[in-house]
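[1] Build me a model from this:
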Amino acid sequence: MTEERAGTLVIGLGNPLMGDDGIGLEALHRFGRATPVPAGVELVDGGTWGMNLLPLIETAGAVLFLDAIRLGAAPGTVHELEGDAVPRRLAHKLSPHQIDLGEVLAIAMLRGTLPPGLFALGIEPAVVEMGTALSPEVESAMPSLLARAAARLERLASAVGGRAETACTS
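    Numbers count the residues shown, from 1 in each chain. Below is the predicted model of the structure:
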């Protein structure tokens, strides 16, 4: 891709009606309320957008996904993924939104438009079933996830730069 890339996107993913699958969206909203967002960072409520995220991802300098990430660890474990591990690990089905995300990342990869910085932070879910509350294990891990997101964004903001944008898109 020859055009100049925008700053950093933080995309919260998940379905808030499926218990811990809503981790990414809840983390995004808590992060936006409690943390000063660095210049050049845009918060995006990706929910279950699927393919509609492709244009945003393709033009970003870096993307940090916040999501439930199931890797077989104890519920409440915070996971960090980077680079090639992001499409590989987030393509595993946890809920319907991840099928679309896997496809989005695969298309961007095939088109050569994956951002140079690709990261994911998430929490191992305990309960993925109908319900709007997060499990106690996830709730107790949320402060750690938010602190790691803030630290990652500070590093990305200084490395990537970009326009000063702190809008929360929904």
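
[2] looking at the protein, which helix or strand does the model trust least?
    Every helix and strand in the chain was compared by mean pLDDT, DSSP states H and E; the lowest is strand 168-169, with a mean of 38.

[3] Can you name the helix or strand that the residue lying closest to Ile69 once chain neighbours are set aside falls in?
    For Ile69, ignoring the flanking residues on the chain, the nearest one in space by CB to CB, 6 or more residues apart in numbering is Gly122 at 3.2 Å. Yep, even glycine has a C-beta here, placed from its N, CA and C like the rest. For Gly122, the element it lies in under DSSP states H and E is strand 117-123.

[4] Could I have the CA atoms of the one helix or strand Glu26 maps to written out in PDB?
    Using DSSP H and E, Glu26 falls within helix 23-34. Provided in PDB are the C-alpha atoms of helix 23-34 (Å, rounded to 0.1, in the frame of the first residue of the first chain):
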ATOM      1  CA  ILE A  23     -14.900  -8.300  27.100                       C
ATOM      2  CA  GLY A  24     -13.600  -6.300  24.200                       C
ATOM      3  CA  LEU A  25     -16.500  -3.800  24.200                       C
ATOM      4  CA  GLU A  26     -16.600  -3.400  27.900                       C
ATOM      5  CA  ALA A  27     -12.800  -2.900  28.000                       C
ATOM      6  CA  LEU A  28     -13.000  -0.300  25.200                       C
ATOM      7  CA  HIS A  29     -15.700   1.700  27.000                       C
ATOM      8  CA  ARG A  30     -13.900   1.600  30.400                       C
ATOM      9  CA  PHE A  31     -10.700   2.500  28.800                       C
ATOM     10  CA  GLY A  32     -12.200   5.600  27.000                       C
ATOM     11  CA  ARG A  33     -13.800   6.800  30.300                       C
ATOM     12  CA  ALA A  34     -10.800   6.300  32.500                       C
END
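
[5] Right, I'll call it a day here.
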